[in-house]
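Asks: how does the following fold in three dimensions:
(one chain, ligands or ions: 2)
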Amino acid sequence: MVLQNQLDRGVAMKILVTGGAGFIGSNFIRYMMEAYPDIEIVNMDILTYAGNLENLAGIDENPSYAFFRGDISSSEDVGKIFSSHSFDAVVNFAAESHVDRSLHFGPQVFIKTNILGTQLLLDAARESGVARFVQISTDEVYGSLGPEGSFSETTPLAPNNPYAATKAGADFMVRAAAHSHGVDAVVTRCSNNFGPYQFPEKLIPLMIANAMEDKELPVYGDGMHVRDWIHVRDHCKAVDAVLRSGRPGDVYNIGSMYDVPNLEVVRTILKHLNKPESLIRFVKDRPGHDRRYAMDATKIRDELGWTPDNTFDDAIQKTIDWYLGNRSWLERVRSGKYASYYESMYMGR
Ligand code: NAD
Ligand code: DAU
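Replies: Ligands and ions are numbered 1, 2, ... in the order given. Below you'll find the predicted structure:
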């Protein structure tokens with residue numbers, strides 16, 4: 001595999017990472033720049049409410065890193081970036097990523113970024129002969145599980161919320177580009193991530209942030225919805241493995257196999273922070289809330305030799321420590337341009 005050889009031999013290669021100012025994208029850029037000193041990374045990000053260049057503090061001084069503020073759903077912006085660089089690979093993290101926003105504010109921007117944006121990148125990658133395209137998808141495309149079983153790569157797609165539907169749409173566009181046009185594209189489907197720089201609208205950072213301030217912790221419905229929780233660094237390591245040696249046209253599930261109800265996650269956070277369970281407030285459920293996700297990640301383990309390095313207990317402690325040590329990041333993210341978002345999100349709950 002060309003990329004594997006290039007990276008393993010330390011041959012310089014240039015990667016376009018989209019959405020690199022967001023949570024997982026910024027962690028991925030850090031991971032790759034540490035792992036491969038010869039890599040060049042261009043980060044294309046439009047900087048929505050979730051994009052924050054502070055997430056790349058320190059990296060932005062590296063001469064092998066460049067930032068381009070641009071929209072993946074604009075053919076002009078995509079044209080500009082592909083005409084100014086010759087990329088060996090594209091890793092597409094850019095997305096509208098939050099389920100509640102897709103329900104509350106409507107799916108238009110999700111359709112535009114997640115589906116149209118992915119298609120424009122695929123077209124540009126094909127026209128410029130990019131050797132590998134990695135699409136960062138999600139376990140949410142599979143829908144919801146009953147009490148038993150887990151999602152495998154052959155589970156039929158059955159997305160249940162607008163966000164998940166747009167991610168499934170993008171997966172199909174990737175499949176079509178690989179099948180019809182021979183684009184060397186691979187799709188990863190990961191479970192729920194947590195770790196440093198996660199925007200505090202998602203369960204774990206929101207609960208940590210609220211508990212730190214002795215605010216109520218809003219748990220949707222009965223709190224018995226199950227998610228598979230993975231540390232973001234383990235996700236980044238998996239994406240690296242797929243980028244280097246995933247089979248063209250294939251899908252790889254990524255998950256820790258640590259699947260527990262939300263209430264247990266929230267109680268664990270309170271325990272680590274030494275805060276009382278009386279902070280928990282059961283609120284109106286998310287509409288159409290998927291009951292259970294669980295991932296079968298056997299394929300990536302067996303074929304690519306990937307395994308997660310972090311246990312949930314260690315990873316949650318590290319994550320809480322990170323938020324405790326980065327209060328000013330949290331304060332800036334929770335105020336300013338994001339404040340009105342919080343007010344609107346709590347409407348009706
Ligand atoms: P995030 O919301 O933290 O970051 C998304 C980034 O994309 C932001 O920096 C934002 O500015 C950028 N962006 C949005 N629209 C854009 C556009 N039109 N053009 C360019 N940039 C744009 O999201 P995240 O949690 O880091 O998720 C990253 C990817 O991983 C997404 O594709 C998401 O679907 C997928 N994913 C996330 C999780 C998770 O648990 N967070 C799990 C599995 C898969
Ligand atoms: O499964 C992967 C997906 O995980 C990614 O594709 C998405 O981008 C990411 O946002 C995430 O989606 P979820 O909806 O699972 O994550 P969220 O953190 O929003 O919610 C996790 C669970 O916690 C879910 O069952 C809803 C619940 N929840 C969430 C919030 C924000 C609460 O009970 N209270 C809350 O305040």
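Asks: and ligand 1, is the helix or strand hosting residue 330 touching that?
Replies: Assigned by DSSP states H and E, residue 330 falls within helix 327-334. No. Shown here: helix 327-334 not in contact with ligand 1 (C-beta under 6 Å from any ligand atom), separated by at least 10.8 Å. Backbone N, C-alpha and C define where each C-beta goes, glycine included.
Asks: tell me the buried residues in stretch 240-247?
Replies: Neighbour-count burial for stretch 240-247 flags 240, 241, 242, 243, 244, 245, 246 (criterion: 16 or more other C-beta atoms under 10 Å).
Asks: which neighbouring elements make contact with the helix or strand hosting the fifth one?
Replies: Assessed by DSSP H and E, residue 244 sits inside helix 232-245. If you count contacts as 3 or more C-beta pairs under 8 Å, 6 or more residues apart in numbering; DSSP states H and E, helix 232-245 packs onto helix 2-8, helix 23-35, strand 89-92, strand 132-138, strand 185-190, strand 192-194, strand 251-254, helix 298-304.
Asks: the next helix or strand after the fourth one near ligand 2 anywhere?
Replies: Tracing the chain past strand 132-138, the next element assigned as helix or strand by DSSP H and E is helix 162-181. No. Using C-beta under 6 Å from any ligand atom, helix 162-181 never reaches ligand 2; the gap is at least 6.6 Å.
Asks: run through the helices of the stretch 201-349 of the chain in chain order.
Replies: Assigned by DSSP state H, counting those that start in this stretch, the stretch 201-349 of the chain shows helices spanning 203-212, 232-245, 262-273, 298-304, 312-325, 327-334, 339-345.
Asks: pLDDT below threshold where in the chain?
Replies: Confidence mapping of the chain against pLDDT under 70 gives the ranges 1-11, 336-349.
Asks: redo that, cut-off 90
Replies: Scanning the chain for pLDDT under 90 picks out 1-12, 60, 257, 334-349.
Asks: can you tell me which residues in it are near ligand 1?
Replies: With C-beta under 6 Å from any ligand atom as the criterion, the chain comes near ligand 1 at residues 18-19, 21-25, 44-48, 50-51, 71-73, 93-97, 113, 117, 136, 138, 167, 190, 192-193, 199.
Asks: what subset of the residues you listed is buried?
Replies: Buried among the residues of the chain next to ligand 1 by 16+ other C-beta under 10 Å: 18-19, 21-25, 44-46, 48, 50-51, 71-73, 93-97, 113, 117, 136, 138, 167, 190, 192-193, 199.
Asks: how far away from the center of its chain is stretch 81-89?
Replies: 23 Å (C-alpha atoms, centre = their mean, to the nearest Å).
Asks: can I get that stretch in PDB, CA atoms only?
Replies: Provided in PDB are the C-alpha atoms of stretch 81-89 (Å, rounded to 0.1, in the frame of the first residue of the first chain):
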ATOM      1  CA  ILE A  81      -7.500  24.400  -1.800                       C
ATOM      2  CA  PHE A  82      -7.000  21.600  -4.400                       C
ATOM      3  CA  SER A  83      -5.400  24.000  -6.900                       C
ATOM      4  CA  SER A  84      -2.900  25.300  -4.300                       C
ATOM      5  CA  HIS A  85      -1.700  21.900  -3.000                       C
ATOM      6  CA  SER A  86      -1.100  18.400  -4.200                       C
ATOM      7  CA  PHE A  87      -2.500  16.100  -1.600                       C
ATOM      8  CA  ASP A  88      -1.600  12.400  -1.100                       C
ATOM      9  CA  ALA A  89      -4.700  11.900   1.100                       C
END
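Asks: was I right to think residue 309 contacts residue 237?
Replies: Yes. Between residue 309 and residue 237 there is a contact at 7.2 Å, judged by C-beta atoms under 8 Å.
Asks: between those two, who's got more neighbours?
Replies: residue 237 (19 against 10; other C-beta atoms under 10 Å).
Asks: ok, back up a step: the helix holding residue 244 relative to helix 23-35, how many degrees between them?
Replies: 70 degrees (axes from the mean of the first three to the mean of the last three C-alpha atoms, to 10 degrees).
Asks: now the angle from helix 232-245 to strand 132-138?
Replies: Going by the same axes, to 10 degrees, helix 232-245 makes 150 degrees with strand 132-138.
Asks: near ligand 2, anything from helix 232-245?
Replies: No. Between helix 232-245 and ligand 2, judged by C-beta under 6 Å from any ligand atom, nothing touches; the nearest distance is 10.2 Å.
Asks: which residues sit against that helix?
Replies: 1, 3-4, 7-8, 15, 23-24, 27-28, 31-32, 35, 89, 91, 132, 134, 136, 186, 188, 190, 193-196, 198, 252, 254, 256, 300, 304-306, 308-310 (C-beta atoms under 8 Å, 6 or more residues apart in numbering).
Asks: one step back: quick one: the helix holding residue 330 to chain centroid distance?
Replies: 20 Å.
Asks: hang on, residue 164 packs against residue 138?
Replies: Yes. Using C-beta under 8 Å, residue 164 is in contact with residue 138, at 7.0 Å.
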